[in-house]
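# Give me the fold of what follows.
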Amino acid sequence: MVGVDDDEVPREVRNDPTAREILRVWKRQDGLIFSASVDQWKDPAAWGIALADLAKHVAKAYALSQERLVDNALERVLAGFKAEFE
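Numbers count the residues shown, from 1 in each chain. Okay, the predicted model is just below:
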């Protein structure tokens, strides 16, 4: 992957020539900064699928790191999502 250090690349994609980074997120004191490659998909609905997959991944990570139930963690992720949209 161009412009990315090997130690930053997940091992599952290091040797995959079709792999592309599509999203980066940085947390700052005054909010979040995003870098997204929207040219990877023609239909924006693909981002909905990616965001749902991300929510599930984050919930699983919380469940493992904080001894929570995955469903409880996902419920909290979705609550934050809904609150931000409103």
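# Find the centremost residue of this structure, please.
Centrality entry for the chain: nearest residue to the mean C-alpha point is Leu54, 4.2 Å, by CA atoms, centre = their mean.
# Tell me the spacing between the residue nearest to it when sequence neighbours are not counted and Asp43.
By the measure of CB to CB, 6 or more residues apart in numbering, the closest residue to Leu54 outside its immediate chain neighbours is Leu23, 8.0 Å from it. For the C-beta atoms, the positions are set from N, CA and C on the backbone; glycine is no exception. Counting by CB to CB, to the nearest Å, the gap between Leu23 and Asp43 amounts to 16 Å.
# When those two are compared, which one has more neighbours?
The residue with more neighbours, out of Leu23 and Asp43 and counting by other CB atoms under 10 Å, is Leu23; that gives 14 against 8.
# Torsion angles phi and psi at that one?
Reported as degrees, to the nearest 10, the phi and psi values for Leu23 are phi -150, psi 140.
# Check it and give its pLDDT.
Reported pLDDT at Leu23 in the predicted model: 93.
# what's the answer for Gln40, then?
pLDDT for Gln40: 91.
# sec struct for Thr18, please.
When the structure is reduced to helix, strand and coil (DSSP: H, G, I helix; E, B strand; the rest coil), Thr18 reads as coil.
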